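Asker: Coordinates for the following, if possible.
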Amino acid sequence: MLRAAALLLSKTLKDSGTNEDVWIYPDAIGGGLQADFGSLLLSLLEACGLDDEDSGTVLMGMYTFVQANDLPMTARTWRVLIVTATLASVKGFLSDRTMAAKAEARLREAVVHWWPKANADKALKVFIGRPSFRQHSLTPSACADCYFTLRAKGLEMGDDDKSAAFAVRSVPQACRSIHESLRRGPSRSGGSSLFFSDGSSAIDEEMGQDPRPHDVRKSTFAILL
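Answerer: Okay, here's the model as predicted:
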């Protein structure tokens, strides 16, 4: 799964991108090979300290987020974008808010030597404020598409039994976890999801934005897996 994600992401790099400072930092520039993506993804997931099922959830959220066409994925920006998308996934798709907060803190600590907190905060605010992000719905079908894409590529790459077991056990559960988290809708008491079907999120509250109303009846997440 992770090797498959690294390979597919390495193929999304563009020759040119953006000059926006929010996505560029001197210590985060360069690389972009499959091995570079794999090393970063592994270090980020290990830093989060999650079990296989929650790691699968975070991996799927991150992978789906960075598929957006408006993101300038280049050799200068890819590290920042991967970290930012992973932060958004941790904050958005881990239903246990205490666990999510701890995972986020560990993740930030793991990259602070090359991606300072102030920069990370600004990048996350820009990332979740994009219209394409706010309109994005990680539906059950999108979860399934992501799962089968990564699983097929992993098998094609000859993942061993251990890797295959991780993929088969964790990602279907990730689909259900993401669906259940979004289906439950907002909770201000700290016990439910962060992302809502219209693209708004409880992250908006933390970042000083007004979350939009959630209506589960209009949500594609009302369709159970």
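Asker: ok, which stretches of the protein are helices?
Answerer: 2-10, 34-48, 52-65, 78-93, 97-111, 117-129, 131-134, 140-156, 161-184, 202-206 (DSSP state H).
Asker: if you compare the ones you listed, which one is most tucked away?
Answerer: Mean neighbour count (mean count of other Cβ atoms under 10 Å) peaks for helix 78-93 among the helices of the chain, with a mean of 25. Placement of C-beta: from N, CA and C, glycine included.
Asker: so what does that helix touch, helix or strand wise?
Answerer: The elements that helix 78-93 packs onto, with contact taken as 3 or more Cβ pairs under 8 Å, 6 or more residues apart in numbering; DSSP states H and E, are helix 34-48, helix 52-65, helix 97-111, helix 117-129, helix 161-184, helix 202-206.
Asker: Now do it, average pLDDT.
Answerer: Averaged across helix 78-93, pLDDT comes to 93.
Asker: Alpha carbons of it, as PDB, please.
Answerer: Taking C-alpha atoms only, helix 78-93 is exported to PDB below (Å, rounded to 0.1, in the frame of the first residue of the first chain):
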ATOM      1  CA  TRP A  78       5.800  18.000  -2.800                       C
ATOM      2  CA  ARG A  79       7.100  17.600   0.800                       C
ATOM      3  CA  VAL A  80       5.100  20.500   2.100                       C
ATOM      4  CA  LEU A  81       2.000  19.300   0.300                       C
ATOM      5  CA  ILE A  82       2.300  15.700   1.600                       C
ATOM      6  CA  VAL A  83       2.800  16.900   5.200                       C
ATOM      7  CA  THR A  84      -0.100  19.300   4.900                       C
ATOM      8  CA  ALA A  85      -2.500  16.800   3.400                       C
ATOM      9  CA  THR A  86      -1.500  14.300   6.100                       C
ATOM     10  CA  LEU A  87      -2.200  16.800   8.800                       C
ATOM     11  CA  ALA A  88      -5.600  17.500   7.200                       C
ATOM     12  CA  SER A  89      -6.300  13.700   7.100                       C
ATOM     13  CA  VAL A  90      -5.300  13.200  10.700                       C
ATOM     14  CA  LYS A  91      -7.400  16.100  11.800                       C
ATOM     15  CA  GLY A  92     -10.300  15.100   9.600                       C
ATOM     16  CA  PHE A  93     -10.600  11.400   9.600                       C
END
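Asker: Could you identify which of the helices and strands packed on helix 78-93 has the lowest mean pLDDT?
Answerer: helix 202-206 (a mean of 48).
Asker: just so I know, which of the helices of the chain lies nearest E20?
Answerer: Ranking those by proximity to E20 (Cβ to Cβ) places helix 117-129 first, at 8.2 Å.
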